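Colleague: next come a sequence and a model predicted from it.
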Amino acid sequence: MSSLEFSTVLLVFLLTVILTVYNQRQASALRGMERLVQDFVAMQIRDRRTRHIEGLADRIDPLEWLASQASSELDTPVTISEVMRVVHDIQAVELRTSSGQRVIVSTLPKADVMRFDRRLRAAGKKKSAAERVASFASRPLLGKSRWGWGVQTVERVMSQANEFFDIEASAVAERLGLKWDKPSRLWFYVVKS
């Protein structure tokens with residue numbers, strides 16, 4: 001290898017080292033800018049959410065909000081006329097629509113609500129009169145079907161709703177006497193009566 005070839009290889013090697021160091025410094029600066037922009041966006045989102053929370057409990061109508069969420073994926077929109085009962089055991093609320101349907105809203109999936117219903121049915125088979133009366137008073141949420149047939153399920157997820165979904169859901173739950181703790185998902189079970 002001649003000295004000219006050696007010099008060329010050495011120059012290419014030095015240029016590679018210089019470019020690598022320069023690119024790493026530039027990449028580090030870009031990562032810093034990315035973090036800065038992400039922090040700025042997070043701060044704006046936090047500010048928007050804080051402004052939205054102020055007075056939300058007084059502004060939001062629970063029945064109207066729940067009706068709009070349930071209607072978003074149904075063929076015909078529903079209008080909720082009354083709260084039938086609040087079930088604290090599974091943090092659910094049972095509502096009646098103006099068309100006579102029942103809507104159960106819960107943070108739990110259908111399998112968990114059906115498991116709760118099965119426990120209620122089993123409690124009704126006990127011998128004690130008090131247990132049978134208590135079981136009758138707390139009828140199953142999803143109706144008489146053991147498999148949940150005849151129940152239309154609407155799942156609302158925060159990522160598909162809006163950025164304030166969890167805050168609004170918590171305010172609605174608070175007004176209804178429930179503790180949903182900013183849920184990212186709600187299930188609406190529409191039961192034909």
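Modeller: That came through, no problem.
Colleague: contacts, neighbours, all on C-alpha from now
Modeller: Will do.
Colleague: mean confidence score for the helix ranked longest in the chain?
Modeller: Taking DSSP state H as the criterion, the chain has its longest helix at helix 3-53. Average pLDDT, helix 3-53: 91.
Colleague: other SSEs contacting whichever helix or strand comes after it?
Modeller: Using DSSP states H and E, the helix or strand that follows helix 3-53 towards the C-terminus is helix 56-59. Based on contacts counted as 3 or more CA pairs under 8 Å, 6 or more residues apart in numbering; DSSP states H and E, the elements that helix 56-59 packs against are helix 165-176.
Colleague: what are the buried residues along the helix it packs on?
Modeller: For helix 165-176, the neighbour count (16 or more other CA atoms under 10 Å) marks 165, 166, 167, 168, 169, 170, 171, 172, 173, 176 as buried.
Colleague: just give the number of residues close to the nearest residue to the fifth one once chain neighbours are set aside.
Modeller: With CA to CA, 6 or more residues apart in numbering as the measure, residue 182 is the residue that lies nearest to residue 169, at 6.5 Å, once sequence neighbours are left out. Each residue near residue 182 was counted by other CA atoms under 10 Å, and the total is 15.
Colleague: ramachandran coordinates for residue 182?
Modeller: phi 50, psi 70 (degrees, to the nearest 10).
Colleague: make sure it is actually in contact with residue 170.
Modeller: Yes. With contacts defined as CA atoms under 8 Å, residue 182 counts as touching residue 170 at a distance of 5.0 Å.
Colleague: I'd assumed residue 180 was in a strand, is it?
Modeller: No. Going by DSSP: H, G, I helix; E, B strand; the rest coil, the assignment for residue 180 is coil, not a strand.
Colleague: was I right about it contacting residue 107?
Modeller: Yes. Residue 180 is within contact range of residue 107, at 7.2 Å (criterion: CA under 8 Å).
Colleague: fine, thanks again, bye for now.
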